[in-house]
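A.B. asks: Predicted model and sequence below, questions to follow.
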Amino acid sequence: MSVMESFEEEVRAAVSAALADMGFPDAEFRTEVPPGESADLAVPCFQMSKAMRKAPAQIAEELASRVPASGHISAVSALNGYLNFTMDGDALVRGTMEDILSSEGAYGSVPANGVRVNLEHTSTNPTGPIHVGRARNPVIGDTLARCLRMRGYDVTTEYYVNDVGKQVVILTWGVNNLDESQVDMTEDRDKTDHKWVAYYRKANSLMESDPEVAEQISDMLRRFEAGDHSVIDTVRETAEGMLGGLKETLAGINVVLDRYTWESTFIADGSARDVVERLKRSKYAGQEDNGAWYLDLKDFGIQGKNTKFTFTRADGTTLYTTRDLAYHLDKFTRADRVIDVLGEDQKLGSKQLCSALEILGCDRQPEPMFYSFVSLPEGKMSTRRGVVVYLDDLIDEAVSRAYEEIEKRRTDLSEERMREIARTVGVGAVRYNILRVQPEKQLVFRWEDALNFDGNSGPFLQYAHARACSMLRKAGAYERCTDPSKLRDEAEVRLAKVLSGFPAVVRDAAEGRRIHLLPAYGHELASAFNQFYAAVPVLGAGDSRDARITLVECVRDVLRNVLQCMGMGAPEEM
RNA sequence: GGGCCUGUGGCUUAGCUAGGAUAUAGCGCUGGCCUUCUAAGCCAGACGCCUCGGGUUCGAAUCCCGACGGGCCCGCCA
């Protein structure tokens, strides 16, 4: 348990005892971190006011008089209906530093809990490169996976590949029937996703203008549905080729998934068919005159005309959603908890999926996490229309921007080293920018925001880390020292407090799926460190030298962990 | 038409689940700081009818109702 957590426990115990003393042993209360520097922890006394028939301010006063300052509690006071606790500064500074040092780089992590989590994310259609509109998905998913792992979960990340359906058949037709001279190759990037999207666009437009092409594609689709392996395999190969490009992009932003599951497997192994048979037998099932099957979900909290959830076509073939059901049943055999990171357009579908799972007798539900799409100032992005900013282009732009910055301030580094740092910083800036905003808020993509390297940005955190590393390099020999009497400056105590908050941030980010807490915390830590850096000398500090260097070491460790949680590199110089 | 999400200084944003202490931070703006360890930094300052209107409450950015603006969805598509 961290110092802050044990302090909170101590406060809770003391308040419980005082409440029992006043004759209210069952009174409920919670703790919160008060604003400003007034105190370290507060208990609001408003909720208990009614039951106790006393004014909050009076309750706070009475409690304050009954809670002695002891252990880690150095001061107790009542103010405006709050009971305020101050933690013994020395204990906090020493305890936090010792926690960090003794965990040997794993500060913030907790031991394995044995819970298997399956986290599906990204899962974009393999018909074109990943664009910024959907780039939140891999970044959110990967970051959540990292947080959950720190919290002891056994996480498997998974990409569900759509190798079934019209879009991917159109792509396959294009790649196999058009040659380079026929397509509008605007991309010069040597990656399958960027090359093939030109074929996809051309195939789409030909399908609309040329009836013969439309017929060929329809024919392919029919053969696909009928189980013609020559078609199915070609489509799969095309999707695999496209996916290769997407994987490269993802690896470029430090996202590597553990597993790829192909939609077609649920047709091939008969499990989608199984789902159909089981659903048909449920009391919610019905059949249209033409033979299509559906579930009526009006008893499942689904409103209006969305209660009809169709699970077969008229000809009896399965639909995307049917296969997704088979997929989720499969996931539940492999994991205790299933998390899906989805675009907000999937909200209704996800709800229907949950209802259908319940009908199938599945006692668990996937936990969806939704994000809003990123749009351009001129509107929605579209691969087919070519109105897009590709993630690859954003990354390249960010990396070259970072390179310019390094070139400006460093003359001592090799070309190769500068490129390496630029990569780390550019990618970090992109990830940070996506993470700093709550997923459900809609976002308009603007280059000047995406390439911001100052203030609340990825490079700000990375810079603080590089600065800490640089100081430690120059420090030479020192003895670790956690003696609080050597760290009496306001900036030092403040910095230690911020450090002490990290475990709780990881906990809240992982358990509450509120990963935007990470960038906020990282910024707060980097900022506290920069203030400390400006306020006191470290290397030439005389008596406090060892203690301050040790504090810098702690900051470096925690910054590295925050960055790692967000999937950002921690450069040792920049 | 119905459903879900969202609206906080010029711009971006935290806080909203569990209503309470002077509403968080960044960009931009004004002014200062590189002979202490990386100025991608630090310090100081200006900038807020928390979209609007009602309601609940001792108290509302936060809860409820209703407008209005933005997003998404309502396929036998994926």
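C.D. replies: Perfect, I can see it now. Residues are numbered from 1 along each chain as shown, chains lettered A, B, ... in the order given.
A.B. asks: doesn't residue A:387 make contact with residue A:376?
C.D. replies: Yes: judged on Cβ atoms under 8 Å, residue A:376 makes contact with residue A:387 at a distance of 6.8 Å. Backbone N, C-alpha and C define where each C-beta goes, glycine included.
A.B. asks: What parts of the stretch 451-574 of chain A come near RNA strand B?
C.D. replies: By Cβ under 7 Å from any atom of the strand, the part of the stretch 451-574 of chain A that sits against RNA strand B consists of A:452-457, A:459-460, A:463, A:466-467, A:469-471, A:474, A:512, A:514, A:516-517, A:520, A:523, A:527, A:530-531, A:533-534, A:536-540, A:572-574.
A.B. asks: From those, list just the buried residues.
C.D. replies: A:452-453, A:456-457, A:459-460, A:463, A:466-467, A:469, A:471, A:514, A:516-517, A:523, A:527, A:530, A:533, A:536, A:538, A:572, A:574 (16 or more other Cβ atoms under 10 Å).
A.B. asks: Could you tell me how far residue A:431 is located from RNA strand B?
C.D. replies: Distance of residue A:431 to RNA strand B, given as Cβ to the nearest atom of the strand, to the nearest Å: 14 Å.
A.B. asks: Pull the number of nearby residues for that residue.
C.D. replies: 27 (other Cβ atoms under 10 Å).
A.B. asks: That one touches residue A:254, doesn't it?
C.D. replies: Yes: applying Cβ under 8 Å, one finds residue A:431 in contact with residue A:254, separated by 7.4 Å.
A.B. asks: Overlap in contacts, those two.
C.D. replies: Common neighbours of residue A:431 and residue A:254 (criterion: Cβ atoms under 8 Å, 6 or more residues apart in numbering): A:567-568.
A.B. asks: Now do the helices in the stretch 251-400 of chain A.
C.D. replies: Counting by DSSP state H, counting those that start in this stretch, one finds helices in the stretch 251-400 of chain A at the ranges A:265-268, A:271-280, A:320-334, A:347-359, A:391-409.
A.B. asks: Spit out the contact partners of the nearest residue to residue A:543 once chain neighbours are set aside.
C.D. replies: Computed as Cβ to Cβ, 6 or more residues apart in numbering, the closest residue to residue A:543 that is not its neighbour in sequence is residue A:486, at 6.5 Å. Going by Cβ under 8 Å, 6+ apart, residue A:486 touches A:543-544, A:546-548.
A.B. asks: ok, back up a step: tell me which entries of the residues of the stretch 451-574 of chain A next to RNA strand B lie within helices.
C.D. replies: A:459-460, A:463, A:466-467, A:469-471, A:474, A:517, A:520, A:523, A:527, A:530-531, A:533-534 (DSSP state H).
A.B. asks: okay, now residue A:353: neighbour count?
C.D. replies: By other Cβ under 10 Å, the residues close to residue A:353 number 21.
A.B. asks: Does it touch residue A:325 like I think?
C.D. replies: Yes: between residue A:353 and residue A:325 a contact is recorded at 6.4 Å, counting by Cβ under 8 Å.
A.B. asks: Show me the contact partners of stretch A:404-423.
C.D. replies: With Cβ under 8 Å, 6+ apart, stretch A:404-423 has contacts from A:399-400, A:402-403, A:425, A:453, A:459, A:569, A:571, A:573-574.
A.B. asks: rerun that using 6 Å as the cut-off
C.D. replies: By Cβ atoms under 6 Å, 6 or more residues apart in numbering, the residues outside stretch A:404-423 that reach it are A:399, A:402-403, A:571, A:574.
A.B. asks: Kindly indicate which of those lies nearest residue A:19.
C.D. replies: residue A:571 (50.3 Å; Cβ to Cβ).
A.B. asks: In terms of pLDDT, where does the residue in the stretch 351-500 of chain A that RNA strand B sits nearest to sit?
C.D. replies: The stretch 351-500 of chain A approaches RNA strand B most closely through residue A:455 (1.9 Å), counting by Cβ to the nearest atom of the strand. pLDDT, residue A:455: 95.
A.B. asks: cool, residue A:70 as well?
C.D. replies: For residue A:70, the predicted pLDDT is 87.
A.B. asks: same question, residue A:490
C.D. replies: 92.
A.B. asks: repeat for residue A:179
C.D. replies: Residue A:179 is assigned a predicted lDDT (pLDDT) of 91.
A.B. asks: again with residue A:25
C.D. replies: Residue A:25 is given a pLDDT of 85.
A.B. asks: Where does it fall, secondary structure wise?
C.D. replies: Secondary structure from DSSP states H and E places residue A:25 outside every helix and strand.
A.B. asks: What is the neighbour count of it?
C.D. replies: Neighbour number of residue A:25 under other Cβ under 10 Å is 10.
A.B. asks: where's the closest residue to it other than its chain neighbours relative to residue A:49, distance?
C.D. replies: Take residue A:25 and drop its neighbours on the chain: the residue closest to it by Cβ to Cβ, 6+ apart is residue A:19, 6.6 Å away. As judged by Cβ to Cβ, to the nearest Å, residue A:19 and residue A:49 stand 13 Å apart.
A.B. asks: Just want to know which of the two has more residues nearby.
C.D. replies: Taking neighbours as other Cβ under 10 Å, residue A:19 and residue A:49 compare with residue A:19 leading, 23 against 17.
A.B. asks: which secondary structure element contains the more buried one?
C.D. replies: Residue A:19 belongs to helix A:3-21 when assigned by DSSP H and E.
A.B. asks: Could you check how far that helix is from the centre of its chain?
C.D. replies: Put simply, helix A:3-21 sits 33 Å off its chain's centre (Cα atoms, centre = their mean, to the nearest Å).
A.B. asks: Give me the residues contacting it.
C.D. replies: Helix A:3-21 is contacted by residues A:27, A:31, A:41, A:43, A:63, A:66-67, A:71-72, A:85, A:87, A:92, A:95-96, A:500 when judged by Cβ under 6 Å, 6+ apart.
A.B. asks: Go through those residues and name the one nearest residue A:78.
C.D. replies: The closest of the contacts of helix A:3-21 to residue A:78 turns out to be residue A:63 (Cβ to Cβ; 7.1 Å).
A.B. asks: ok, now which ones touch the closest one?
C.D. replies: A:18, A:83.
A.B. asks: Any figure for the gap between the residue in the stretch 151-300 of chain A that RNA strand B sits nearest to and residue A:558?
C.D. replies: For the stretch 151-300 of chain A and RNA strand B, the shortest gap (Cβ to the nearest atom of the strand) falls at residue A:165, measuring 2.4 Å. Per Cβ to Cβ, residue A:165 is found 46 Å from residue A:558.
A.B. asks: Surely residue A:77 is within a helix?
C.D. replies: No: counting by DSSP: H, G, I helix; E, B strand; the rest coil, residue A:77 is not part of a helix but strand.
A.B. asks: so what pLDDT did it get?
C.D. replies: Taking residue A:77 on its own, its pLDDT is 92.
A.B. asks: List the beta-bridge partners for it.
C.D. replies: On the basis of DSSP bridges, residue A:77 is bridged to residue A:84.
A.B. asks: I am finished for the moment; much appreciated.
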